[in-house]
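Student: heads up, no residue letters with this:
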């Protein structure tokens, strides 16, 4: 892991501060809590070369010193402050100046453990950006006809995320599938077709689903893709099967793979994978109770590596193919979605309360309880970003916002 650059601003009026920043008790507590710092002093010539960078405002009277180096600073500015020598007061003046200039910034202030974790989160955001730069996301077939509010701004996708969208004809995937090559995954121990709750899943259907996986794998290799979304409902008529099993496998193998040709949701999954090493569960909101903040999400595919157990069922709408009926662990999750123009992102933290098994929903079903129940009304019922949303384990709302700030 690359070190975090620590740049300093110190006023000569404060004789109480020791010359060696690394020996300062406040800094030693932060490094003891896990922060790995590169002490750059007051030389800002290397600013911008680290995973994360902080400006330690050691004392008051440093506001004009900051103003002098301000033209050298790119992106959001993070100010580290202690509880001594007017450090916090000066940082607040500096942050106000940043806001007046239309720039993003943040003061890191609090316990050593809190600061060390924020530093780690900021580093992860930068590394995620580097992981995405130059990647290629395949769009197999055009988006499904019902996705009328999900056209991406391709220039923004390339400029902000560094991701190139690559169009792949649906006919090319169908041709690969019809070769009849059943390819078993090498990186995931898959259960046999006998682990099914539906008698319509035969060995032939299961092998056909693995054939779709193999076909997508060949498409991914051919185009040099690191992610893919598929106009999957076309497969129902074309090959009499579904892509649910294939997408669950690809996601578990670290290749973000989405349904219905939904590009904004695929990009959301790419960001999740770059930040947290899991693409997340792409699901439809099925129903909600605004008075309690409870929401049900469901879909017929889910990354296998997010599950504690699973069985197979048929695809919900069509009753054919092989879908995944999975159980996700209860606990904290983050729900998010990036807008098609990348000019907006929704994030919400929640608790995964239980897994459901209802007949009139897609096969993997979870009940969430939002921390902020007002989002049911104010976001989902008044101003949503499309229908699909992505669920990832853990509380990550701030980290997602950090990442998107860094790409602005």
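Tutor: Ah, there it is. Worth saying up front: this structure is predicted, and the values here are computed from it rather than measured.

Student: In the sheet, which residues pair with the closest residue to residue 92 other than its chain neighbours? Tell me.
Tutor: The shortest distance from residue 92 to any non-neighbouring residue, by C-beta to C-beta, 6 or more residues apart in numbering, is to residue 107 (7.0 Å). Bear in mind the C-beta positions are built from the backbone N, C-alpha and C, glycine included. Beta bridges link residue 107 to residue 79, judged by DSSP bridges.

Student: Around residue 107, count how many other residues there are.
Tutor: 17 (other C-beta atoms under 10 Å).

Student: same thing with residue 73?
Tutor: Count around residue 73 with other C-beta under 10 Å applied: 18.

Student: tell me the contacts of the closest residue to it other than its chain neighbours?
Tutor: Leaving out its chain neighbours, the residue that sits closest to residue 73 by C-beta to C-beta, 6+ apart is residue 47, at 6.3 Å. Taking C-beta atoms under 8 Å, 6 or more residues apart in numbering, we find residue 47 in contact with 5, 7, 40, 53, 69, 72, 73, 74.

Student: Other residues contacting the one helix or strand the third one maps to?
Tutor: Pointing back at residue 40 there. For residue 40, the element it lies in under DSSP states H and E is strand 37-41. Outside strand 37-41, the residues within contact range by C-beta under 8 Å, 6+ apart are 3-8, 21-22, 27, 30-31, 46-47, 50.

Student: Filter the residues you listed down to just the buried residues.
Tutor: Buried by 16 or more other C-beta atoms under 10 Å: 4, 5, 6, 7, 8, 21, 27, 30, 47, 50, out of those.

Student: still on that earlier bit, which of the contacts of strand 37-41 lies closest to residue 397?
Tutor: Relative to residue 397, the closest of the contacts of strand 37-41 is residue 4; by C-beta to C-beta it sits at 21.9 Å.

Student: Now do the contacts for that closest one.
Tutor: So residue 4 contacts 35, 36, 37, 38, 50, 51, 52, 53, 54, 119, 122, 123 (C-beta under 8 Å, 6+ apart).

Student: since we're on the first one, how many residues are nearby?
Tutor: By the measure other C-beta under 10 Å, the count of residues near residue 35 is 23.

Student: same check, this time on residue 222
Tutor: 12.

Student: tell me the secondary structure for it?
Tutor: helix (DSSP: H, G, I helix; E, B strand; the rest coil).

Student: Is it correct that residue 16 falls within a helix?
Tutor: No: checked against three-state DSSP, residue 16 lies outside a helix; its state is coil.

Student: Thanks again, I'm all set now.
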